[in-house]
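Asks: quick one, what's the 3D model for this:
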Amino acid sequence: MTEIPQVKTAAELKGLDPEYVEALEKIVISHAVNELHGARVFDEPAIALAPTPYAKWLTCRVAMEEYGHHVRFRELGEEMGIESARMVPESGKRPLSIFEFPLETWAEFCVIKLLADLAEIIQVEDLAMCSFHPLRNLARMTMPEERFHAQFGKDFTKEMLETEEGRTAIQDAVNRYYPYLPAFFGRPKSKNNEIFRKWGIKQRTNAEMRDDYVRRATEVCEELGLTLPEVELAA
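Replies: Coordinates of the predicted model:
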C-alpha cells in the first residue's frame, strides 16, 4: 500500500514520486484553466446582464473572486515549477464542458451560480483534506468565496421566483443547464481519480462526489419549488 506523504511546501515536492507530482500538477492546471475560463464566459459577461446596480455590484465581486481563484492556482502552480503558459485556456487545455452553455440571460446566470458553484463546493471540500498542504490551504481559503457564490445564486434565484414570469425563466434555465453538471465530476472509473485517491489528493471517487452533488442539488431545488430534469448518470 502506498504511503501517503504529508507535504507542507512546494519545495518539498522535489524528489517525491513523479506520479504524485504529476497528479498534483493536473489538479492545479485544471483549476487554473477552468477558473479563468469560467470568469471570462460566465461571470464577467453577467455584469452586463445584472438588472440593478446592487446586482451589478455583487456580480462584480463574484467575477473578481473567480479571477482571483485563477490567480491563486496559477501562483501555486508557479511555485511548483509549472509554466504560466500551461495554466490558461490558450495552452490547448480544453475547459470543462459546463462552460459550453451559451449564457444569454440573468436567469441563466442565477442558475449557474446556484447549481454549478454547488458542484465546485463539493470539489473544494475534497481538496480541503489534500495531502499537499499548499493545495489544502488554497482550497480552505477559497471555500468561503465558493459558498458566497452559491448563496448569491440562491438569493437572486429566490428573487426571480417571486413572479410567474421569473419562475418560468428560472425553471427553463434549470432544465437546460443541469444536464451539463453531472459530467463535471468526471467518469466513474477514471484512472486519474484512482491516482488522486491513492496519493491522498482527493478523498472520494467521482461517482461518490457526483451522487452527493445530485442529492444536494435536489434538496436545494426542492426547497425553492424547482424540479431537476431527469438525467441518465454514467455507471
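Asks: C-alpha from now on. contacts and neighbour counts both.
Replies: Will do.
Asks: distance of the nearest residue to Ala128 once chain neighbours are set aside from Ala55?
Replies: Excluding its sequence neighbours, the residue lying closest to Ala128 (Cα to Cα, 6 or more residues apart in numbering) is Arg136, at 4.6 Å. From Arg136 across to Ala55, the span is 32 Å (Cα to Cα, to the nearest Å).
Asks: between those two, which one's more packed in?
Replies: Arg136 (20 against 16; other Cα atoms under 10 Å).
Asks: tell me the contacts of the more buried one?
Replies: Taking Cα atoms under 8 Å, 6 or more residues apart in numbering, we find Arg136 in contact with Leu127, Ala128, Met129, Cys130.
Asks: helix/strand/coil for the third one?
Replies: For Met129, the assignment made with DSSP: H, G, I helix; E, B strand; the rest coil gives coil.
Asks: and it, backbone torsions?
Replies: Met129 has phi and psi values of phi -110, psi 20 when expressed as degrees, to the nearest 10.
Asks: from Met209, how far off is it?
Replies: Per Cα to Cα, Met129 is found 14 Å from Met209.
Asks: what's the answer for the first one, then?
Replies: Using Cα to Cα, Leu127 is found at 12 Å from Met209.
Asks: the second one now?
Replies: Separation of Ala128 from Met209 (Cα to Cα) stands at 14 Å.
Asks: was I right about Asn34 contacting Ile98?
Replies: No. Using Cα atoms under 8 Å, Asn34 is not in contact with Ile98; the gap is 9.9 Å.
Asks: higher neighbour count, those two?
Replies: Just comparing Asn34 and Ile98: by other Cα under 10 Å the higher neighbour count belongs to Asn34, 23 against 19.
Asks: three-state assignment of the more buried one?
Replies: Asn34 - assigned by three-state DSSP - is helix.
Asks: count of residues packed around Asn206?
Replies: As a burial measure, Asn206 scores 23 neighbours (other Cα under 10 Å).
Asks: start the count at 33 instead of 1 going forward.
Replies: In the new count, where the first residue is 33, that last one comes out as Asn238.
Asks: what does the pLDDT read for it?
Replies: Asn238 is assigned a predicted lDDT (pLDDT) of 96.
Asks: got the contact list for it?
Replies: Phe217, Gly218, Arg219, Pro220, Lys221, Ser222, Asn225.
Asks: gap between the fifth one and Leu256?
Replies: Note on Lys221: its distance to Leu256, by Cα to Cα, is 33 Å.
Asks: swap in Ala148?
Replies: Ala148 is 16 Å from Leu256, by Cα to Cα.
Asks: leaving out chain neighbours, which residue sits closest to Pro211?
Replies: Closest to Pro211 by Cα to Cα, 6+ apart is Val263, at 6.1 Å.
Asks: my guess is that neighbour meets Tyr209, correct?
Replies: No. Applying Cα under 8 Å as the test, Val263 and Tyr209 come out as separate, 11.2 Å apart.
Asks: pick out whichever of those two has more residues nearby.
Replies: Tyr209 (22 against 11).
Asks: which residues of this structure score low on pLDDT?
Replies: By pLDDT under 70, the weakly predicted segments of the chain are 33.
Asks: fine, thanks again, bye for now.
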